[in-house]
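Colleague: Got a predicted structure plus its sequence, pasted below:
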Amino acid sequence: MAQLTFREAIARGIAQEMRRDDSVVFLGEDVGAAGGVFKGTVGLLEEFGDVRVRDTPISEQAILGAAMGAAMTGLRPIAEIMFSDFFAVCWDIVANEIAKSRYMTNGQVTFPLVIRSGNGGGLRFGAQHSQSVENWAMMIPGLKVVVPSNAVDVIGLMAASIRDPDPVIFLEAKALYASKMDVPDGEIVDTLGSAKVLRQGSNATVVALGSMVPKALQAAEELATNGIECTVIDVRSLVPLDTTTILREVSATGRMFTVEENPRLCGWGAELASIIADEVFYDLDGPIVRITTPHIPLPAADALEDLAIPSVERIVNTIHKSMNS
Amino acid sequence: MAQLTFREAIARGIAQEMRRDDSVVFLGEDVGAAGGVFKGTVGLLEEFGDVRVRDTPISEQAILGAAMGAAMTGLRPIAEIMFSDFFAVCWDIVANEIAKSRYMTNGQVTFPLVIRSGNGGGLRFGAQHSQSVENWAMMIPGLKVVVPSNAVDVIGLMAASIRDPDPVIFLEAKALYASKMDVPDGEIVDTLGSAKVLRQGSNATVVALGSMVPKALQAAEELATNGIECTVIDVRSLVPLDTTTILREVSATGRMFTVEENPRLCGWGAELASIIADEVFYDLDGPIVRITTPHIPLPAADALEDLAIPSVERIVNTIHKSMNS
Amino acid sequence: MTSTHAAPELSYLDHKVAMYRCQVALRQFEQRAYDLFLENFVKGTSHLSIGQEAIAAGVAAAMRPTDWTFATYRGHAHTLARGVPMTPIFAELMGRTNGLMAGKGGSMHLTSVEHGMMGSYAIIGAHLPIACGAAWSAQYRGTDQVAVAFFGDGSVNIGAFHEALNFAAVWKLPVIFFCENNLWMEYTRTSDVTAVANPAADRAAAYGLESIIVDGNDADAVYEVTSLAIARARAGEGPSMIEAKTYRHGGHSRADPGKYRPDEELAEWLLKDPIPLYRSRLLEMGVSEDDLLVLEADVDAEVETATNEAKAGGVPGEDLLLKDVWADGGASWRN
Amino acid sequence: MTSTHAAPELSYLDHKVAMYRCQVALRQFEQRAYDLFLENFVKGTSHLSIGQEAIAAGVAAAMRPTDWTFATYRGHAHTLARGVPMTPIFAELMGRTNGLMAGKGGSMHLTSVEHGMMGSYAIIGAHLPIACGAAWSAQYRGTDQVAVAFFGDGSVNIGAFHEALNFAAVWKLPVIFFCENNLWMEYTRTSDVTAVANPAADRAAAYGLESIIVDGNDADAVYEVTSLAIARARAGEGPSMIEAKTYRHGGHSRADPGKYRPDEELAEWLLKDPIPLYRSRLLEMGVSEDDLLVLEADVDAEVETATNEAKAGGVPGEDLLLKDVWADGGASWRN
Ligand SMILES: Cc1ncc(C[n+]2csc(CCOP(=O)(O)OP(=O)(O)O)c2C)c(N)n1
Ligand SMILES: Cc1ncc(C[n+]2csc(CCOP(=O)(O)OP(=O)(O)O)c2C)c(N)n1
Ligand SMILES: [Mg+2]
Ligand SMILES: [Mg+2]
């Protein structure tokens, strides 16, 4: 058992898998000698050498194209896209090539690859370096989408993603990189498509993802002191989606609130809301409410960014108001 | 009054605006001499010359970058992205630059530009040339998203988009290019953000977009013969979204069905469902049901493509079943 | 069917005859594909290589069965040249269950991994970095496989081209970038929108590569230059870029009559049609007219049989629709 | 504040003194920005140009007020050099209401349209095609405005670079692509991942452009070569690409100590610091030490005043948060 930061967990998860499988290779910008701009890959170059851990030019299409071509010919590449905002410069490779080629070829090719990326705001990086792009990936058929919220999950879900035969977009909340927790020794392997119920309550179900999970938990504690008991679910993976857990828990409380970092329109919460409003409509006792960043580009100033991204206070107030109206 | 195809309406709409405003310019691949691969821009080069109508290299980032730079320095460019799938190769310019720059600069720059593109399936073009990407655009703050469903709307909404001071993604359903209708003579200018109620019924509200509009209408007629009377709404513009009309009409019937060509997850219908389930929850009499393409890449074979995209039959059956359960 | 793939162990003349057969097969196949489109058997779009066959034939002849081809939407010829039988390709164009991808990909995405045909890609430029990835995998695993990626003259102005070339050069990857310069994009002349005269060759230096131009209507020349490039790649000397001058006889895609091209230009290139030229060369080298007629009849028969077999294929249904999004064979995104 | 922008009508020596003042102002500004970061006044990230000032100063001096600058996230220097006052830039770094964009953009997105500073762009390469668009607009409207786009040595391997260069060349656009080659990307040496030795200049030919290299630590040389390129652009002769050799004294961004660089390399480049070199040149040309001391003290005072003014700025709130997504001033996506 050791205290590990979220960022250290990344390297540990990758190293765990690189040790057991020679076909796992890793490429990206400044990932080797520098250990990554977020220091998420420190030590990998030293342990695995520069044939398996490779620094690339600033060529995101080449990085992901290389990962795709390598995956379809026997390797299991992990590629880093430094900030998830940069998916926009290589979206074709992700959305049109990697996601679709297995289907188009009627299963002739398989893409066991992971694309990991720093995601979301909180570091005052402004509109082009702070986006939460989980919905970009979720809306493309053929991509799995994993978003861990703590160091232990990072390791286990990273391992599961690397072992998974399908392409996984692995989004690491930048706001959580510095967070710490106790991590057991030894191999950790988790399962994709399993949400976690972190807290059980009878009044409402709060569904959160990534950086919003700690906030949702804290909000639930505050709400409990006001007599509103919430179930809190950490979604963990958007595709595959653990609808079993989510439908069950929402049915149990009759109310659902989502807490989303992405800008409002067409977020994962909208998808969940539509599933709930279709499949367990008659179990609902009141409106489904989404707590999201407003539909705006993210501002850089600390004061503005804090206003934009859902805060514990906003979560508490929104749920409180909605439950009492 | 003349019969015009949807594709002819494109050129008419653009020409109408180019005549009244010299700052309107048009660029894209094969748009000039060839009149566009879908023959949507026939005659523009001849009328406006090769200084205003320009053929470009196969460089989508350059095309949209040029449109952006021109818009911020006084022109009103219209850019064509031949197939909307190709947004993936220039998404950075759309999502990170054009959409965000006005906000980031606190309003110093404005982007009066239109990006038009052939969107959606039905022509057996396969997974990389048939996507419905309206949700790609809707989820990015700072983009307006317009999707006409008939020739008259093409002209009026094109004019409104060109005159609009904000960036508009104008998606033309390829499946509708050949559709015809009577179009009045003279200038036609429409309004963004206004949905149209095409049919009024008391049992359910069907909300459709683009190529799904004629199918929804036909389904409503068939359902009427079975005693289910539907209101049919043509959304026409996703951003700005006419929530006034949609909320009113859904509240009136108590039931909402969406008909979406996009693959299932995080479509515009999910966003609508979440708005309805939040804001008029207590007016609902039953589940909100989304009729969409399954969450798969679109197959090429005619038989498969027809199975994938919502058909009149599927719309009828889904609504029928849901209304009777 | 007889394989149209020429293996290098053949005798000198046999090898040339095989390259001829390959070119004839490509031509006959595509002429039939065009007829089938007119008869409404082929749905969707398709892009023919008629006039450009010497390239597919020459390059394929220089490759080993374990090497990889990455093609564009204009990929029928490259797919056939790697030895993929005609029937599943026809069937794919028709959207049948016996299609190469059971109808799910269509004309623009022909793929046959067992023949080293790693896919046809319909977004300009995308496959160039992907081919780098395959080459990287060969390099990493220490095999001597080589990846060949074809692209058009119009494709040199897209960002992915540039990224792939630099990446391959820096990592010294065993990949050949093969430009089929047929002078035209869709309906626009490439030279109207390209800053250099030889769209690929004039940019080789920007990636530290040699500038290589070849007559794309001469299968022997294509074979020679490709063999050299592949040998360099196998020897660990990194990528090459080759630009072949050629011309498509027809329009860009099935719906296009190609009227934008000057009559003289087309006439001039029809005179350079690779197939009669190669035929004459064989005759000069002593191959008999009779042998060639037999060969040609044989290809005719192959096309005929394949057409019928393809037409006999079934219509795909729901099971195929929801198959193989994921490696588990299914399409489910939820539990 | 006094404008740091040198207008071309100045006398020969005044013009040089103005370029010196500009360089000193950039240096002092950024040193203060660094201090403010250490004091936790500057949040978020920032990228300093310390060591590269001769480029911003030399290029700006060659531009007219109506010309346009497009910069990267490393854009403080270019913004100041176009005459934007220090106060709003400091305030922007601190996220205050008196910031250049009221705190909404931050250090990486400095923009001041009234000064021709058309934005700082934080995604590698994106602004290069955007600058083409501005140049196109000048060409279309028949003004003689020129766009200058700066980029780093590491940015030459991204697709947008390639698309922009070809596009500008084909359309003969009045745009200058200016590469600040400081040898490093973030923590990776550009030559390790780039196929050519001079990342920009060795690729000029791929777009039919002349290869131009200049000493980026010599403001006069930068001024000269840029003036020529701008003159060509104004005369309708199309784009130019210039590669300036330089070095950043500090790390890539505020958190980076830059330890990956060999000590000798840094030492060598510190000797080539553009500011003392330019100072000596002025002294040799007869400018008095006293005048320079006054000038330097003046800049000091300007930095001090601006710092205080910036700190006095307010904290932005909800009104700014929901302002100016759209041209109507608001953020609503629904009616
Ligand atoms: C990114 C992208 N932009 C545009 C297209 C549409 N398109 C398909 S083929 C083509 C012309 C390609 O010309 P070239 O590269 O010369 O190849 P050829 O068709 O002549 O073989 C274009 C513009 C596309 N498929 N992908
Ligand atoms: C598309 C994209 N990829 C990666 C980055 C991250 N990044 C920011 S600056 C930088 C290095 C750029 O180096 P160079 O072009 O030499 O400019 P310099 O910072 O040296 O001025 C990188 C990789 C980015 N901003 N955008
Ligand atoms: Mg071509
Ligand atoms: Mg640099």
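Modeller: Perfect, I can see it now. Ligands and ions are numbered 1, 2, ... in the order given.

Colleague: got the residues of the stretch 1-150 of chain C near chain B?
Modeller: Within reach of chain B by Cβ under 8 Å from any Cβ of the partner chain, the stretch 1-150 of chain C has these residues: C:43-45, C:95-96, C:99, C:102-109, C:121-126. No exception for glycine: its C-beta is placed from N, CA and C like everyone else's.

Colleague: restrict these to those near ligand 1?
Modeller: Restricting the residues of the stretch 1-150 of chain C next to chain B to those touching ligand 1 (Cβ under 6 Å from any ligand atom) yields C:Ala122, C:Ile123, C:Ile124.

Colleague: Now for the closest residue to C:Tyr187 other than its chain neighbours, how many residues are close by?
Modeller: With sequence-adjacent residues excluded and distances taken as Cβ to Cβ, 6 or more residues apart in numbering or on different chains, C:Tyr187 is closest to B:Ala34, at 3.5 Å. By the criterion of other Cβ atoms under 10 Å in any protein chain shown, B:Ala34 has 21 neighbours.

Colleague: Could you list which residues are in contact with B:Ala34?
Modeller: B:Asp55, C:Glu186, C:Tyr187, C:Thr188, C:Tyr260 (Cβ atoms under 8 Å, 6 or more residues apart in numbering or on different chains).

Colleague: how long is stretch C:66-75 from one end to the other?
Modeller: 19 Å (Cα to Cα, to the nearest Å).

Colleague: could you give the mean pLDDT of that stretch?
Modeller: When pLDDT is averaged along stretch C:66-75, the result is 98.

Colleague: Any residue of that stretch touching ligand 1?
Modeller: Yes. Interface with ligand 1: stretch C:66-75 contributes C:Arg74 (Cβ under 6 Å from any ligand atom).

Colleague: pLDDT weak spots in the stretch 1-150 of chain C?
Modeller: For the stretch 1-150 of chain C, the stretches flagged by pLDDT under 70 are C:1-9.

Colleague: try 50
Modeller: Where the stretch 1-150 of chain C drops to pLDDT under 50, the residues are C:1-8.

Colleague: which residues of the stretch 51-200 of chain A fall in strands?
Modeller: A:53-55, A:76-83, A:114-119, A:144-146, A:168-173, A:180-183, A:196-199 (DSSP state E, counting those that start in this stretch).

Colleague: er, chain C actually
Modeller: C:68-72, C:117-121, C:147-152, C:175-181, C:212-215, C:240-245 (DSSP state E).

Colleague: I'd like to know which of those is closest to chain A.
Modeller: Proximity to chain A (Cβ to the nearest Cβ) singles out strand C:117-121 among these, at 6.4 Å.

Colleague: Make a markdown table from the strands of the stretch 51-200 of chain A and add mean neighbour count, distance to ligand 4 and mean pLDDT to it.
Modeller: Formatted as a markdown table, the strands of the stretch 51-200 of chain A follow (neighbours: other Cβ atoms under 10 Å in any protein chain shown; distance: least, Cβ to the ion, whole Å; pLDDT from 0 to 100):
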| stretch | mean neighbour count | distance to ligand 4 | mean pLDDT |
| --- | --- | --- | --- |
| strand A:53-55 | 22 | 15 | 98 |
| strand A:76-83 | 25 | 15 | 98 |
| strand A:114-119 | 27 | 21 | 98 |
| strand A:144-146 | 27 | 33 | 99 |
| strand A:168-173 | 28 | 26 | 99 |
| strand A:180-183 | 15 | 34 | 98 |
| strand A:196-199 | 16 | 43 | 98 |
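
Colleague: Ok, which of those comes nearest B:Gly107?
Modeller: Nearest of the strands of the stretch 51-200 of chain A to B:Gly107, taken as Cβ to Cβ: strand A:76-83 at 25.2 Å.

Colleague: who does that closest one pair up with?
Modeller: Strand A:76-83 pairs in its sheet with strand A:24-28 (parallel), strand A:114-119 (parallel), by DSSP bridges.

Colleague: Quick check: phi and psi at the residue of the stretch 151-300 of chain A found nearest chain D.
Modeller: Here the stretch 151-300 of chain A gets closest to chain D at one residue, A:Ala300, 2.7 Å apart by Cβ to the nearest Cβ. When read as degrees, to the nearest 10, the backbone of A:Ala300 gives phi -90, psi -40.

Colleague: Helices along the stretch 201-325 of chain A, start to end?
Modeller: A:212-225, A:243-253, A:268-279, A:302-308, A:312-323 (DSSP state H, counting those that start in this stretch).

Colleague: among the ones you listed, which is the most enclosed?
Modeller: Mean neighbours per residue, mean count of other Cβ atoms under 10 Å in any protein chain shown, is largest over the helices of the stretch 201-325 of chain A for helix A:268-279, with a mean of 26.

Colleague: For it, which helices and strands make contact with it?
Modeller: Applying 3 or more Cβ pairs under 8 Å, 6 or more residues apart in numbering or on different chains; DSSP states H and E, one finds that helix A:268-279 contacts helix A:134-138, helix A:243-253, strand A:256-263, strand A:289-293, helix B:268-279, strand B:289-293.

Colleague: out of the ones you listed, which comes closest to C:Gly159?
Modeller: helix A:134-138 (19.2 Å).

Colleague: and for the closest one, what are the contacting residues?
Modeller: Outside helix A:134-138, the residues touching it (Cβ under 8 Å, 6+ apart) are A:87, A:91, A:94, A:119, A:143, A:145, A:147, A:169, A:171, A:209-210, A:238-239, A:262, A:266-268, A:271, B:136, B:139, B:265-266.

Colleague: chain center to that helix: distance?
Modeller: Centre-to-centre, helix A:134-138 and its host chain are 10 Å apart (Cα atoms, centre = their mean, to the nearest Å).

Colleague: same thing with stretch A:193-201?
Modeller: 16 Å.
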